[in-house]
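*Asks:* Just the structure for this:
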Amino acid sequence: MRHPGTHQGDPFYRLTADKIAELIARAEQCGMGHQVPLLRALGANRTVVLYVERGATALALAAVEASRKPVVIVIHDDDHATSGPTGFPIARKALRWARAHIIHGTGGEPWHYGAAVEMALSEGSCAVCETSSAMVPAWADLARRAAMPRRAPGFVLLPRTGAHPVVGRVH
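*Replies:* Okay, the predicted model is just below:
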């Protein structure tokens with residue numbers, strides 16, 4: 001499932017209630033059910049969700065701020081081509097702008113993304129760095145440095161055992 005993002009130069013890809021319901025169904029069908037809390041908050045008009053893909057060099061922060069809604073920024077570095085912050089030229093700006101951070105280096109669960117929504121609602125914005133467990137230290141360090149001199153609330157999620165992602169062999 002491709003994340004909703006910019007569409008033909010528009011900083012917002014506006015989704016109808018029907019499209020959001022379809023995205024929720026597809027997310028659950030293709031193993032992305034952990035994203036459902038983000039989509040539900042978006043559908044309820046509670047938040048704006050901004051997805052940042054590798055290589056992005058700009059963020060539509062002026063448009064996001066104009067919406068006057070809490071924002072969840074999802075930095076998508078969890079696609080089996082994990083690069084860490086070096087693959088995201090805009091990461092430092094996103095983390096500096098966000099008022100809270102989650103460094104997500106484990107398998108996604110709905111409560112993780114529900115927590116991101118709640119942090120955005122309480123703080124105004126939350127950046128979620130989806131990554132491999134190996135890249136968590138680099139992302140956590142960047143988030144800490146980007147937020148200076150303030151201290152942004154946040155947390156790090158790691159697997160209980162082993163590493164993330166778990167890549168098995170195909171027979």
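
*Asks:* Could you name the helices and strands sitting against the helix or strand of the chain with the lowest mean pLDDT?
*Replies:* Lowest by mean pLDDT, DSSP states H and E among the helices and strands of the chain is helix 61-67, with a mean of 84. The contact analysis (3 or more Cβ pairs under 8 Å, 6 or more residues apart in numbering; DSSP states H and E) places helix 61-67 against strand 48-52. Where you see a C-beta, it was placed from the backbone N, CA and C, and this is true even at glycine.

*Asks:* Sheet partners, orientation included, of the strand it packs on?
*Replies:* According to DSSP bridges, strand 48-52 forms sheet pairs with strand 71-76 (parallel).

*Asks:* What would the strand it pairs with look like as PDB? C-alpha coordinates only.
*Replies:* Extracted C-alpha coordinates of strand 71-76, given in PDB (Å, rounded to 0.1, in the frame of the first residue of the first chain):
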ATOM      1  CA  VAL A  71       0.000  16.800  12.600                       C
ATOM      2  CA  VAL A  72       1.500  13.300  12.500                       C
ATOM      3  CA  ILE A  73       4.600  13.200  10.300                       C
ATOM      4  CA  VAL A  74       5.600   9.700   9.300                       C
ATOM      5  CA  ILE A  75       9.100   9.300   8.100                       C
ATOM      6  CA  HIS A  76       9.100   6.100   6.200                       C
END
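
*Asks:* tell me how far that strand is from the chain's mean position?
*Replies:* What separates the centre of strand 71-76 from the centre of its chain is 3 Å, taken as Cα atoms, centre = their mean, to the nearest Å.

*Asks:* Quick check: buried residues in stretch 33-43?
*Replies:* Applying a neighbour-count criterion of 16 or more other Cβ atoms under 10 Å, one finds 34-43 buried in stretch 33-43.

*Asks:* which residues sit against stretch 128-137?
*Replies:* Residues outside stretch 128-137 that contact it (Cβ atoms under 8 Å, 6 or more residues apart in numbering): 72-78, 82-84, 91, 95, 101-106, 108, 113, 116, 139, 143, 156, 158-159, 163-165.

*Asks:* Find the nearest non-adjacent residue to Leu39, please.
*Replies:* Excluding the flanking residues, the one nearest Leu39 by Cβ to Cβ, 6 or more residues apart in numbering is Ile24, at 5.0 Å.

*Asks:* hmm, back to that, how about CSV for the buried residues of stretch 33-43, with pLDDT added?
*Replies:* Converted to CSV, the buried residues of stretch 33-43 look like this (pLDDT from 0 to 100):
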residue, pLDDT
His34, 92
Gln35, 91
Val36, 94
Pro37, 94
Leu38, 93
Leu39, 92
Arg40, 93
Ala41, 94
Leu42, 91
Gly43, 90
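
*Asks:* All set now, cheers.
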